[in-house]
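**Q** Next comes the sequence, and after it the predicted model I'd like to discuss.
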Amino acid sequence: MPNPVPIIEIKPEWRGRIETLGSKSKFWFRKDNNPDDLWLFKISRPDTGEHWAEKVASEIAGLLELPTHIVEFARFEGIIGCAVRSFLESNESLIHGNEVLAGVIPD
């Protein structure tokens, strides 16, 4: 029976730099080595459901017509996780919420 949910199979040659920010293991990749198609593969910790929780949250936000990121299920060398498509334009950079709050909330 075919898998009813698409899973991106990440090829080793697509793999880019490791992302060190945050607590999860993750790395950037370019799907089909396309320079305009940047994704972040987040490895799901065992028995947490992190990959499907992120996918569900993204789908619900989309149904509510809220701006959100694109999330797909993904696998790299047998390891399951989720792939999150970059939403930044080439001239943009991301400022994380903890960076914004650091100047407002002490400690």
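**A** Arrived safely.
**Q** only C-alpha atoms for contact and neighbour calcs from this point on.
**A** OK.
**Q** and the residue nearest to the spatial centre of the chain, what does it touch?
**A** In the chain, the residue lying closest to the centroid (CA atoms, centre = their mean) is residue 84, at 2.6 Å. Neighbouring residues of residue 84 by CA atoms under 8 Å, 6 or more residues apart in numbering: 39, 40, 41, 42, 69, 70, 71, 72.
**Q** C-alpha coordinates for the strand or helix carrying it, PDB please?
**A** In this assignment (DSSP states H and E), residue 84 forms part of strand 79-85. C-alpha atoms of strand 79-85 as PDB (Å, rounded to 0.1, in the frame of the first residue of the first chain):
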ATOM      1  CA  ILE A  79      16.000   9.000  10.500                       C
ATOM      2  CA  ILE A  80      12.500  10.600  10.600                       C
ATOM      3  CA  GLY A  81      11.900  14.300  11.100                       C
ATOM      4  CA  CYS A  82      10.300  17.200   9.500                       C
ATOM      5  CA  ALA A  83      11.500  19.600   6.800                       C
ATOM      6  CA  VAL A  84      10.700  23.300   7.200                       C
ATOM      7  CA  ARG A  85      11.000  25.500   4.100                       C
END
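**Q** What are the boundaries of the helices in the chain?
**A** Under the criterion DSSP state H, the chain carries helices at the ranges 50-63, 97-102.
**Q** want to throw those helices into TSV with mean neighbour count?
**A** TSV is the format used below for the helices of the chain (neighbours: other CA atoms under 10 Å):
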stretch	mean neighbour count
helix 50-63	15
helix 97-102	10
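**Q** Can you check which of the ones you listed gets nearest to residue 88?
**A** The closest of these to residue 88 is helix 97-102. By CA to CA, the value is 15.7 Å.
**Q** coming back round to it: tell me which of the helices of the chain approaches residue 18 most closely.
**A** Using CA to CA, the nearest of the helices of the chain to residue 18 is helix 50-63, at 18.1 Å.
**Q** Now do that closest one against strand 79-85, angle only.
**A** Interaxial angle of helix 50-63 relative to strand 79-85 (axes from the mean of the first three to the mean of the last three CA atoms, to 10 degrees): 30 degrees.
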